[in-house]
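[1] coordinates only, sequence not included:
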């Protein structure tokens with residue numbers, strides 16, 4: 001049964017990836033990127049723990065694989081259904097106001113980043129990591145990348161480099177993140193660059209480059225401890241060269257994962273789903289609210305008691321099985337969906353597929369808002385099979401909090417203002433009309449003729 005479920009899952013993956021070989025624009029779409037991602041983050045870890053009854057029972061592994069198949073099929077179905085976005089519903093923006101919005105976001109994030117340097121982070125591992133004022137500053141510092149993306153989109157649309165000074169601070173931040181082995185910022189930057197050159201230059205990343213990039217991302221993901229431990233002794237080039245050596249490549253095989261424990265997040269998913277199946281206390285989506293409160297209600301200002309009172313108490317079924325998740329690991333979006341609604345939780349992935357299709361269709365139609373959201377949402381969406389779904393929801397809420405009012409203020413009723421070519425054409429027509437003067441019948445008809453009149 002386990003082999004059959006893994007085979008069915010692989011068949012779905014091949015079906016999702018295959019169009020990328022003959023449809024170039026498909027390579028940056030959600031199904032293709034998700035298909036490549038789940039090979040390393042779902043299939044190989046599942047193979048590594050299959051049959052190892054000391055880790056998990058066959059029944060528990062099969063339960064996870066059934067849910068994984070349902071979630072992958074639901075996401076693919078949600079994305080593959082056609083979607084038409086009415087042109088009237090496309091929000092148009094004033095480029096000048098968008099530039100001001102980008103400046104505000106970059107300066108706000110930059111000031112928080114500078115302030116972060118003067119704060120010593122506090123850690124509470126029982127709550128999951130960093131705590132205190134540093135978490136607030138870190139959240140504010142992340143706003144800078146919103147301004148970075150807006151500025152990058154405007155430069156790509158207008159084919160001018162007049163906003164380069166807004167782009168450099170965040171690029172520097174991405175460079176530091178890459179050097180320190182931070183995976184999410186590195187992946188986000190790669191997605192932003194690929195989408196910018198596709199939407200505004202129609203250049204598509206070659207298939208071999210895409211596959212090599214995904215392989216490098218997988219190697220970095222599963223060898224991150226070695227990558228970070230050698231930061232002080234080696235250069236960035238040496239660390240990336242080390243990733244492609246035999247011992248590092250071994251880590252992304254089923255055997256390597258079995259030996260090094262690279263299956264930990266899928267094992268978490270198996271164990272959490274096992275506990276929920278025994279306890280039966282499904283969250284019904286209430287955990288999403290708890291994560292929103294946890295992420296956006298600062299206990300430093302409102303107090304810990306008030307913050308906890310806003311959360312909905314949930315039963316912890318892992319007490320029945322005695323399982324405890326290792327610190328710093330995830331339980332995967334597949335398990336999260338199951339813990340919310342059982343097997344019906346796959347509907348969440350159907351909605352994820354529809355959301356990503358809506359973003360793609362709007363981005364292809366030239367919508368700045370859709371392109372902005374697509375660049376930020378893609379990484380979380382394709383990783384949702386191995387990390388939590390709530391991270392993507394919190395991302396969208398964070399964008400609404402920090403960018404919503406600025407986008408609202410920047411919207412423009414006149415659709416031609418959002419397109420620089422149409423705007424230049426409109427200005428040229430206005431100049432042409434202002435210079436055209438009616439031919440006078442007699443010289444006396446021009447008592448106040450301008451510089452362009454025949455009288456002058």
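    Sure thing, it's come through. All values derive from a computational prediction rather than experimental measurement. Numbers count the residues shown, from 1 in each chain.

[2] spatially nearest residue to residue 190 (excluding sequence neighbours)?
    Sequence neighbours aside, residue 213 is the residue nearest to residue 190 in space, at 6.5 Å (criterion: C-beta to C-beta, 6 or more residues apart in numbering). Using the backbone N, CA and C atoms, a C-beta is placed for each residue, glycine as well.

[3] assumed the one you found was part of a helix.
    Yes: assessed by DSSP: H, G, I helix; E, B strand; the rest coil, residue 213 belongs to a helix.

[4] what's the burial count for it?
    Each residue near residue 213 was counted by other C-beta atoms under 10 Å, and the total is 15.

[5] pull up the gap between it and residue 256, please.
    For residue 213, the distance to residue 256 (C-beta to C-beta, to the nearest Å) stands at 20 Å.

[6] with residue 250 instead?
    In terms of C-beta to C-beta, residue 250 sits 4 Å off from residue 256.

[7] these two: which is more packed in?
    residue 256 (18 against 15).

[8] and stretch 161-168, what's its mean pLDDT?
    Mean pLDDT, stretch 161-168: 88.

[9] I should have written stretch 76-87 there, sorry.
    Taken as a whole, stretch 76-87 has an average pLDDT of 86.

[10] so how far does that stretch reach from one end to the other?
    25 Å (C-alpha to C-alpha, to the nearest Å).

[11] which parts of that stretch are buried?
    Across stretch 76-87, burial judged by 16 or more other C-beta atoms under 10 Å covers 76, 78-79.

[12] in the protein, what secondary structure element scores lowest on mean pLDDT?
    When each helix and strand of the chain is scored by mean pLDDT, DSSP states H and E, helix 420-435 comes last, with a mean of 54.

[13] which residues in the stretch 151-300 of the chain form helices?
    For the stretch 151-300 of the chain, the helices defined by DSSP state H, counting those that start in this stretch cover 164-179, 183-201, 207-222, 224-229, 236-243, 246-250, 254-260, 264-279, 286-296, 299-302.

[14] can you give me the buried ones in the fifth one?
    Of all the residues in helix 236-243, those buried under the rule 16+ other C-beta under 10 Å are 239, 242-243.

[15] give me the most central residue, the protein.
    residue 377 (3.0 Å; C-alpha atoms, centre = their mean).

[16] tell me the SS of it?
    helix.

[17] OK, contacts around it?
    The neighbours of residue 377, taking C-beta atoms under 8 Å, 6 or more residues apart in numbering as the test, are 355-356, 359, 392, 395-396.

[18] would you list these in CSV and tack on neighbour count?
    Formatted as CSV, the contacts of residue 377 follow (neighbours: other C-beta atoms under 10 Å):
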residue, neighbour count
355, 18
356, 25
359, 23
392, 22
395, 18
396, 14
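
[19] so which of these comes closest to residue 147?
    Among those, residue 395 lies closest to residue 147 (C-beta to C-beta), at 15.9 Å.

[20] excluding its backbone neighbours, what's nearest the closest one?
    residue 380 (5.8 Å).

[21] give me the contacts around the helix or strand harbouring residue 110.
    Residue 110 is part of helix 95-116 when elements are defined by DSSP states H and E. Helix 95-116 is contacted from outside by 134, 137-138, 140-148, 150-151, 154, 157-158, 163, 166, 169-170, 173, 368, 402-403, 406-407, 409-410, 412, 417-418, 420, 423, using C-beta under 8 Å, 6+ apart.

[22] which of the residues you listed are buried, as a PyMOL select command?
    Here is the PyMOL command that selects the buried residues among the contacts of helix 95-116 (16+ other C-beta under 10 Å):
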select buried, resi 134+137+140+141+142+143+144+145+146+147+148+150+151+154+157+158+163+166+169+170+173+368+402+403+406+407+410+412+417+418+423
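
[23] low-confidence regions, the stretch 151-300 of the chain specifically.
    246, 259-262 (pLDDT under 70).

[24] quick one on the thing from earlier: which one of the contacts of residue 377 sits closest to residue 267?
    residue 392 (22.6 Å).

[25] isn't that closest one right up against residue 381?
    Yes: if you go by C-beta atoms under 8 Å, residue 392 and residue 381 touch, sitting 6.2 Å apart.

[26] find residues that contact each of these two.
    residue 352.

[27] what's the local residue count around residue 302?
    Residue 302 has 12 neighbours, counted by other C-beta under 10 Å.

[28] mind checking pLDDT for it?
    Residue 302 is given a pLDDT of 82.

[29] again, but for residue 59
    For residue 59, pLDDT reads 87.

[30] any idea how far it is from residue 182?
    For residue 59, the distance to residue 182 - C-beta to C-beta - is 38 Å.

[31] same question, residue 383
    Note on residue 383: its distance to residue 182, by C-beta to C-beta, is 14 Å.

[32] who has more neighbours out of these two?
    Per other C-beta under 10 Å, whichever of residue 383 and residue 182 has more neighbours is residue 383, with 24 against 17.

[33] you'd agree that one is up against residue 36?
    No: assessed by C-beta under 8 Å, residue 383 is found out of contact with residue 36, at 11.5 Å.

[34] common neighbours of those two, please.
    Joint contacts of residue 383 and residue 36 (C-beta under 8 Å, 6+ apart) do not exist.
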